[in-house]
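> just to be clear, the model below is a prediction. Sequence and coordinates:
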Amino acid sequence: DWQKDNVRGSNLEATIAFTIPLGEKRVEKLDEENLESRMIDAPKRDINVIVGESKPTKVIKETSAAVDPETSEEINNAWFVRKNGDGSGTKEDPTNISNLTNSKENDLIIMLGDDGDINTDNYSDETSSLVLKSGQKLVSPSGSVYLQNRNGDRVVQYSPEGKQATLTNDLSKNILEIADNTTVSGLNFKNGKNAIYGSEVSGELIVSNNVIQDSAGNGIWIESEETNSVIIENNIVKTAGDNGIALRAINIKYEDIPKDEYGDIQPILNQTEGNGKLNITIRKNEVHDVVNSGLVMFMYSDDESEILFSDNTVDKVKTGMNIWSYAAKNNNINIINNNVVGSEQNGINIYANQPLEETEDVITPESVNLTNIMDYNSNILIADNKIGKVMSGKGIGINSISTGQNIIQMNGNIVDYIGSYDSDNKYKVRS
């Protein structure tokens, strides 16, 4: 049952249900004859109104199943998990990670760190990672999930109490693999290949309030061609062997992209059919000490998408932010209020590559790099970003090859220092 008030705070029992008061307040019109008698009547209070620190009696007037507000799917069950848990999975009797193989789609999983770090390799003999099922929500103290009642007129934000859990794994194995319509919030991730990984996931994805450190690969790595919405916010990534946060909207596989004799990517010919709309939000994240890009997004043949990079802080990376695209069109890209403290090569780099006709000249390797984005008939806004120290390359770079009618706006940006290049590379637009 769900309850919340100023005295008792919030409380979620393992049944995952809402307590919903019935009825509405009525206002009676008092006439002069009954006014005097009403004034001396004993006061009437609603059941379960809290007037002090006394222990009230809980009265459930209506119970409704909790529902995912994004998908309208009911939350089937709640699992409380600790490293050494050996119970049934209730709040009073937590279970361990291996028992999560019995969980179902759309379950809520609450990870607790009271017994120490949880190695996700112990989840199953069949996998080397914790693998979520479709619709599941994984949350730990400092994280939260939104739940609503079946009627859709009450929404609450649930954050569990207790000690935050730390998930870990070997450097050759992913720590967590997400599924369609999943949420991951409030956990620590330590070591592992990719801390959070998703392959061909779809639907609504939320990754928030997590701390990721010492990943051999990427902090967050998500691949998808059908995702309706991805929200990645308030995460901290510290030390990664590849990228901090990486998204790839897939229509063609990376290994299928043509390469030249030098191994550099070549433009895609006649690849114009879009995947459909993507809604990507990457905001309020911190990325430090990663080998390649702090934030990177690859788009292949995506159409009418909304992309937002905002209020992120990136430091000690090769390139601060890379967005690159082949055959993307009709997109809105907003890169606003980000802070790239220090990078080796580029602060923010956008690369636009419209599909070429087969009769056109082949683009030389010199003009094609691995830091790209937009195509044609798109709106790009780069505003109020701060680029600190860039050792080489460009502070903010926009490169376009045979693009159409894009609208590009840059305003309010500050680039402090460019190392081995002249000041013209602080802001560089090239066609």
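Here it is on my side, so go on.

> low-confidence regions, the stretch 301-431 of the chain specifically.
301-302, 325-328, 352-376, 400-405, 420-431 (pLDDT under 70).

> SS state for the nearest residue to Ser129 once chain neighbours are set aside?
Among residues not flanking Ser129 along the chain, Asn174 sits closest, at 4.4 Å (C-beta to C-beta, 6 or more residues apart in numbering). From N, CA and C alone the C-beta is placed, and that goes for glycine too. Here Asn174 is recorded as coil under DSSP: H, G, I helix; E, B strand; the rest coil.

> wait, doesn't Asn174 sit right on Thr127?
No: using C-beta atoms under 8 Å as the test, Asn174 is too far from Thr127 to be in contact (9.3 Å).

> out of the two, which sits in the busier spot?
Asn174 (27 against 14; other C-beta atoms under 10 Å).

> point out where the stretch 51-200 of the chain drops to low pLDDT.
For the stretch 51-200 of the chain, counting by pLDDT under 70, the residues that fall below are 51-63.

> is it true that Phe309 touches Asn338?
Yes: counting by C-beta under 8 Å, Phe309 touches Asn338, with 6.2 Å between them.

> can you pull the contacts of the residue nearest to Ser129?
128-129, 192-195, 197 (C-beta atoms under 8 Å, 6 or more residues apart in numbering).

> go on, Ser305?
Residues in contact with Ser305 (C-beta under 8 Å, 6+ apart) are 249, 277-280, 299, 328, 331-332.

> let's go with 6 Å and repeat that
Listed by C-beta atoms under 6 Å, 6 or more residues apart in numbering, the contact set of Ser305 reads 277-278, 331.

> list the buried residues of stretch 229-248.
229-248 (16 or more other C-beta atoms under 10 Å).

> what do you get for stretch 222-231?
222-225, 227-231.

> what's the most distant pair in those residues?
Greatest spacing in those, by C-beta to C-beta: Glu225 and Ile231 (18.0 Å).

> for the residue nearest to Asn411 when sequence neighbours are not counted, give the beta-bridge partners.
Leaving out its chain neighbours, the residue that sits closest to Asn411 by C-beta to C-beta, 6+ apart is Ala383, at 5.2 Å. On the basis of DSSP bridges, Ala383 is bridged to Ile336, Asn411.

> wait, isn't Ala383 in contact with Asn334?
No: in this structure Ala383 lies outside contact range of Asn334 using C-beta atoms under 6 Å: 7.9 Å.

> related to what we said a few turns ago, let's see which of the buried residues of stretch 222-231 end up in strands.
Those of the buried residues of stretch 222-231 mapping onto strands are 222-224, 227-231, per DSSP state E.

> quick one: the strands in the stretch 201-350 of the chain, in order.
In the stretch 201-350 of the chain, the segments counted as strands under DSSP state E, counting those that start in this stretch are 202-208, 211-215, 220-224, 226-233, 236-240, 245-249, 279-283, 286-290, 293-300, 306-310, 313-326, 332-336, 339-353.

> between the last one and strand 286-290, how many degrees?
Read that as strand 339-353. 80 degrees (axes from the mean of the first three to the mean of the last three C-alpha atoms, to 10 degrees).

> likewise for the third one?
Per the same axes, to 10 degrees, the angle that strand 220-224 makes with strand 286-290 is 100 degrees.
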